[in-house]
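**Student:** 3D, please:
(2 chains)
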Amino acid sequence: MSIPNIIPITEELIAAHGLKPEEYQRILDLIGREPTFTELGIFSAMWNEHCSYKSSKKWLRTLPTTGPRVIQGPGENAGVVDIGDGDCVVFKMESHNHPSYIEPYQGAATGVGGILRDVFTMGARPIAAMNALRFGAPDHPKTRHLVSGVVAGVGGYGNSFGVPTVGGEVEFDPRYNGNCLVNAFAAGIAKTDAIFLSEAKGVGLPVVYLGAKTGRDGVGGATMASAEFDESIEEKRPTVQVGDPFTEKCLLEACLELMQTGAVIAIQDMGAAGLTCSAVEMGAKGDLGIELDLDHVPVREINMSAYEMMLSESQERMLMVLEPSKEEVAKAIFVKWGLDFAIVGKTTDDLRFRILHQGEEVANLPIKELGDEAPEYDREWREIGSLSPLDTADVEEPEDYGQALLDLLGSPNNASRRWVWEQYDTLIQGNSLQIPGGDAGVVRVEGHQTKALAFSSDVTPRYVEANPYEGGKQAVAECWRNLTATGAEPLASTDNLNFGNPERPEIMGQLVMAIQGIGEACTALDFPIVSGNVSLYNETNGEAILPTPTIGGVGLIDDWNHMARIGGARNGDAVILIGGDCSHLGQSAWMRDCLGRAEGAPPPVDLMEERRNGDFVRSAIRNGQVTSCHDISSGGLATTLAEMAMASDLGMQLGLSACHGPAHALLFGEDQARYVVTVPGDLAGYVMASAEGAGVPFRHLGAMSGDSLRIEGLMSVPVSALRATHESWFPAFMDVPEALAAE
Amino acid sequence: MKAAVILLPGLNRDRDMIAALTKISGQAPQTVWQTETSIDDDVDLIVIPGGFSYGDYLRCGAIAARMPVMQTVREKAEKGTRVIGVCNGFQILLEAGLLPGALMRNASLKFVCREVRLEVANANTVFTQGYSQGQVIRCPVAHHDGNYFTDADTLAEIEANNQVAFRYTADTNPNGSLNNIAGIVNKAGNVLGMMPHPENLIEPAHGGSDGRALFESALGLVEA
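**Tutor:** A predicted model of the protein is given here:
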């Protein structure tokens, strides 16, 4: 049944639209009358947290967003960064948390679809994707179901669309029991002189609807994503959209073909809040009004009301302003690809957003104010006190270091993620140089002999929880370090800030301090934020997720013949630690996962040291001196060494006698700004002398040899045993009958 | 020899295939859209690439197999033109009746992308003559429906006629295929269907070039 547009606006209705009484008053003041039902829906769509960033805007403005290579910073569908030779990389990361918890397959699939659309709307062909996923405790009854559905959804959409998934994260923590996180990243390549923006230009030009038909799916999705969860969550299932990667693939090809014809004046994908948000954005940015006649909107269900059409989040749709002389050629392209092409409105000079439906005007609103006059809050926030560092003497050494390492490698958060990424097509397009399992995914730039791009996504939520400021810094530093570990020059980043309810001062405090940390690190490392997304209200029954500001970074490799991988070390290569000896055990993975202790301050991030050590490692890689490289992060030096031994399928004979401090801190502590590199034996002296000259601390740990990871006096574990343990947890967890039954 | 690549909506390894054919043969293949019914007379090799034609809706390859271009492919194949279908291309050739059998959902019920090993089960075809009999090569797979199945009689016939071109080594069968079948040819030997992606392993950047000899063979670039 269709909802008529003559519905009384009651307090309940206003509240059901997620609007606070004072926000409703603002609407009344703005338009000088009571809104129609459709207008109320439009305001709700534009003014919710997800679309308006009303709680975070004040702080987001403090982030560094410019740089010599930055062509487009935040505010468009995606950020754009120059990579030379007339090419640019277009990228963004976006969350689809709420829908993925309600309906894991479709929620994750449409998250991937949405981010891909953001990238190709700007004229770029997507070349890489990543996914940062966070789930509740492995033993929570919903976890297997969510992992199974989300991974299948990510793969189902990305594989069919045809983009290689080259990186990501998967993490478990009880704090995500009621809210899983799905952060999808996509990057594409475009010509710097052929980037398409959403700003409409010209009065009286046709506004064209492209792609799939509009249905009732996803009505109110953005408003749902701006609220906490409670027991009524199952009722929200209809707010989740349904993805169709086939249509999206056709839409990609049709749009790229269309863009070459000169027919596109402005283009905007229909994501959150669908037709409403895309039309308002195009008009408001171009200082133009937009008039839409909904009778021309292609629909797949009968009797849809104006309200439903304006708020539908049906996928695989675009809105564009057309160069009128190109109408026929544009239409022919969409007919060829079996997609809808309909002129649904026009640009006007009156700055009004006017909606016509069945001959009646059902909305007439000031277009600029819809976006610009959205409420903006300076929410109360509380400074999060810092914890004192944990004294390593308070932590007992393990009796058996070899067993401790195996316990760590076989634990849910440190085990191999192969089970996940083998369900993603990592090779399609034929340009993947490094697939998941190393520090960063690497994809070569088509049409260029030696150039490649590196991608990594990082955050350590337990650090952010313990100290949001240092944790924010660390997320950026680790991303920068992972790119550096391949030999890439980190170019720019995108942030996906996942937090709880910002109306609580302690949550707002996490957000504010994390942004401050991110800002400082991005400035110090010349790693500007060029796009991003904020996801708040990740809470269920008042319990918030761990604060999770995911950073997605992009780096440039000039010559992929001189890049480094996690594997590839040869027998006899020297194993060298770059960076200082480790002395912090606080918030380490080993303490959390093997001792059950989440204590103390996280390791501090010294950004000058980070930069100095990273610059040294990068130049050694680019000079062809490094046979393999891996950064040190969760799990400490021991985990890094084990992962390198497994990747090279070669043992190591090492000793820590030159290092200072207790062995458990040296091996399992997570001090920052550190790497392990392997270099040919005859270059070891030269590389260490260079490090000394550059003021970079280092330790010569030993050499690659044999078939065991042997650390003198501490452990000797066969590489085959490391691998068996590392590879077994995930399949054992997921490939059980209960997991299949939950699908 | 000249190649043509068939294009259908939803295919997504078409660009990989075009790049591989161009790099190996030195010339770009002709591309033929699904509604076209003419393929250049001088084309000696037709390739149907991988992907998700028509979203794999209905059944993998079922809709694509009924598009106009496939009638032309059929006619050319009957006249002896070489045809290769890779992944979704293999599924389309099965649905079009140009090869026997069917591809079911992987035994794991999951999409799988990894490197497998293939044994060249018959090096005496126009597609495999660049390999030696029994040679084991590396090759990536990336599919959700690659579990080859057919009835017992057909299977016996395929085996008796040496129509199995490639088999997964027993320890790397990624999908549960009968007899570890990864690729088969038709009776006449001029139509090959295979699930693995040789086009993604043809140059140093791919980490190896074991897939190259297949295209070199099919393009007549190796001595028989």
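**Student:** so which strand or helix has residue 156?
**Tutor:** Chain wasn't specified; assuming chain A. Assigned by DSSP states H and E, A:Gly156 falls within helix A:143-161.
**Student:** that's the wrong chain, I meant chain B
**Tutor:** Assigned by DSSP H and E, B:Ala156 falls in helix B:152-160.
**Student:** figure out how far that helix is from the centre of its chain.
**Tutor:** 20 Å (C-alpha atoms, centre = their mean, to the nearest Å).
**Student:** following it, which helix or strand shows up next?
**Tutor:** Next along from helix B:152-160, by DSSP H and E: strand B:164-168.
**Student:** how about A:Arg622, what does it touch?
**Tutor:** A:Gly487, A:Asp558, A:Asp559, A:His562 (C-beta atoms under 8 Å, 6 or more residues apart in numbering or on different chains). For every residue, glycine as well, the C-beta is placed using N, CA and C.
**Student:** ah, wrong one, I meant A:Leu525
**Tutor:** So A:Leu525 contacts A:Val476, A:Ala477, A:Trp480, A:Pro490, A:Leu607, A:Glu610, A:Arg611 (C-beta under 8 Å, 6+ apart).
**Student:** neighbours around residue 7, how many?
**Tutor:** You didn't pick a chain, so chain A it is. A:Ile7 has 14 neighbours, counted by other C-beta atoms under 10 Å in any protein chain shown.
**Student:** chain B is the one I meant
**Tutor:** For B:Leu7, the count of nearby residues is 19 (other C-beta under 10 Å).
**Student:** beta partners for it?
**Tutor:** Applying DSSP bridges to B:Leu7 gives these bridge partners: B:Trp33.
**Student:** quick check, it in contact with B:Thr35.
**Tutor:** No. B:Leu7 is beyond contact range of B:Thr35, at 10.1 Å (criterion: C-beta atoms under 8 Å).
**Student:** could I get the contacts of A:Leu525 as CSV with pLDDT and neighbour count?
**Tutor:** As requested, the contacts of A:Leu525 are exported to CSV (pLDDT from 0 to 100; neighbours: other C-beta atoms under 10 Å in any protein chain shown):
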residue, pLDDT, neighbour count
A:Val476, 98, 31
A:Ala477, 98, 30
A:Trp480, 98, 29
A:Pro490, 98, 24
A:Leu607, 98, 19
A:Glu610, 98, 25
A:Arg611, 98, 18
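**Student:** in helices, which of the residues you listed fall?
**Tutor:** Per DSSP state H, helices hold the following members of the contacts of A:Leu525: A:Val476, A:Ala477, A:Trp480, A:Leu607, A:Glu610, A:Arg611.
**Student:** excluding covalently adjacent residues, which one is nearest to the fifth one?
**Tutor:** Distances taken as C-beta to C-beta, 6 or more residues apart in numbering or on different chains put A:Ala673 closest to A:Glu610, at 4.3 Å, once the chain neighbours are dropped.
**Student:** torsion angles phi and psi at the one you found?
**Tutor:** The phi/psi pair for A:Ala673 (degrees, to the nearest 10) reads phi 60, psi 30.
**Student:** my read: it touches A:Asn613, true?
**Tutor:** Yes. Under the criterion of C-beta under 8 Å, A:Ala673 makes contact with A:Asn613 at 4.8 Å.
**Student:** mind listing the shared neighbours of these two?
**Tutor:** With C-beta under 8 Å, 6+ apart, A:Ala673 and A:Asn613 have common neighbours A:Gly579.
**Student:** state the mean pLDDT of stretch A:435-454.
**Tutor:** Stretch A:435-454 shows a mean pLDDT of 96.
**Student:** which bits of the stretch 301-450 of chain A sit near chain B?
**Tutor:** With C-beta under 8 Å from any C-beta of the partner chain as the criterion, the stretch 301-450 of chain A meets chain B at residues A:336-338, A:422-431, A:433, A:444.
**Student:** what helix or strand is A:Leu433 on?
**Tutor:** Assessed by DSSP H and E, A:Leu433 sits inside strand A:432-434.
**Student:** strands paired with that strand, and their directions?
**Tutor:** strand A:441-444 (antiparallel).
**Student:** and the contacts of the strand it pairs with?
**Tutor:** Taking C-beta under 8 Å, 6+ apart as the rule, strand A:441-444 contacts A:127-128, A:130, A:164, A:166-167, A:426, A:429, A:431-435, A:451-456, A:486, A:488, A:557, A:560, A:563, B:205.
**Student:** for the next helix-or-strand element following it, which strands pair with it and how are they oriented?
**Tutor:** Per DSSP H and E, strand A:441-444 leads on to strand A:452-458 as the next helix or strand towards the C-terminus. According to DSSP bridges, strand A:452-458 forms sheet pairs with strand A:441-444 (antiparallel), strand A:548-557 (antiparallel).
**Student:** could you list every helix and strand that the following helix or strand past the longest one packs against?
**Tutor:** By that I understand strand A:548-557. The helix or strand immediately downstream of strand A:548-557 is strand A:574-578, counting by DSSP H and E. Applying 3 or more C-beta pairs under 8 Å, 6 or more residues apart in numbering or on different chains; DSSP states H and E, we find strand A:574-578 packed against helix A:607-622, strand A:675-679, helix A:684-693, strand A:698-704.
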